[in-house]
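In: Could you work out the structure for the sequence below:
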Amino acid sequence: MKKILLIFVFILPRIIYSNNWYISTSSSGNGSGNSWANKKSYTTFNWASVQPGDFVYLDGGTDSLIYDVNNYDINTHGTVASPITITKGVDANHNGKAVFRNTSPNFTGIELSDITNTIFYNLEWKGMTNGSGSSTWLIDFGGNAVNVTFSYCTFILNYSEGVGTNSEASSNNIKFLHCNSYNNLDTHTNSSADQFWLGGPDHKNWEFAYCNIINSNPKTGATVAGSHRDLMQCELNWGRGGTFTIHHCFFDDRSAGAAGACIETEHLEGNWEIYDNIFKSGCFQINDNKRRICCA
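Out: Numbers count the residues shown, from 1 in each chain. Below is the predicted model:
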């Protein structure tokens, strides 16, 4: 009985007293991250120090703040009962947009190589504003990820890929809820710009719900037929042993006949549930041979 009581006393403070962290593009005060007055720079913030139930607030300024990232690793570990939440500031003068932007054509923006029970809420990811069109990712699931949710987040591709999975990594129970994804660069210089490239057999139980996934209109002078940019592509034995679910989403390929698909699948495994979605702009063809769905 004494041993059980001791364990309860040790765990209870973590349940009740979660911490708030305050992060910005620069530090102030003592830089402890315990308040906006003592905010900590994201470049020196130790994500592994965040505990279950904690909230990490990113400074959004009065309009927006840009967090330039190259292979920036977020490795947080909450619990199922007490997930970690990463979101923009909610206080006055700190509640504008908080934007992660990858600035190099050779590196991933955010790397999720070891993360569990974490929620990304109301944040934005953006590709480079200019570049050579080399392949780079806004977010890469590069390791062990379990119970990670993106809620009310926005992904904007400029000279970049979108969200990708390392085919040799693993993930389980990944959700995109009420998110928006836009491909704004529609030129021949981007050899590939899939908004979601999902590959590998050890990525299980992914869900997309109430999302808008859109290829924007071609820009002036674009060689649209030379680009390959699916809204969503699944390959390399994607989803083995799990369930891949897409429901109540809006897909729109506005790229006017370019080589792409709303959803393209190759070597899909596991259970595949797609229902109550809207496919616009000619997204209607189904090819069971390649399981190519909703071709533009």
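
In: Can you list the low-confidence ranges for the stretch 151-296 of the chain?
Out: Within the stretch 151-296 of the chain, the segments meeting pLDDT under 70 span 185-193, 217-229, 254-260, 281-296.

In: If we use 80, what do you get?
Out: Applying pLDDT under 80 to the stretch 151-296 of the chain picks out residues 158-160, 184-193, 216-230, 253-261, 264-268, 280-296.

In: mean confidence for stretch 66-74?
Out: The pLDDT scores in stretch 66-74 average 94.

In: Excluding its own residues, what touches that stretch? List them.
Out: Stretch 66-74 is contacted by residues 25, 42, 47, 58, 86, 98-104, 107-115, 118 when judged by C-beta atoms under 8 Å, 6 or more residues apart in numbering. C-betas here are computed from N, CA, C, even on glycine.

In: just the buried members of the residues you listed?
Out: With burial judged by 16 or more other C-beta atoms under 10 Å, the buried subset of the contacts of stretch 66-74 is 25, 42, 47, 58, 86, 98-103, 107-115, 118.

In: OK, contacts around Gly60?
Out: 88-89, 94-98.

In: Show me which pair in those residues is furthest apart.
Out: Farthest pair in the contacts of Gly60 (C-beta to C-beta) is His94 and Lys97. Separation: 11.2 Å.

In: Now the common contact residues for those two.
Out: 60, 88.

In: who's more crowded, these two?
Out: Between His94 and Lys97, counted using other C-beta atoms under 10 Å, His94 has the larger neighbour count: 20 against 17.

In: Compute the number of surrounding residues for the nearest residue to that one once chain neighbours are set aside.
Out: Of all residues not flanking His94 in the chain, Asp59 sits nearest, at 5.1 Å (C-beta to C-beta, 6 or more residues apart in numbering). Neighbour count for Asp59, taken as other C-beta under 10 Å: 23.

In: Right, I'll leave it there.
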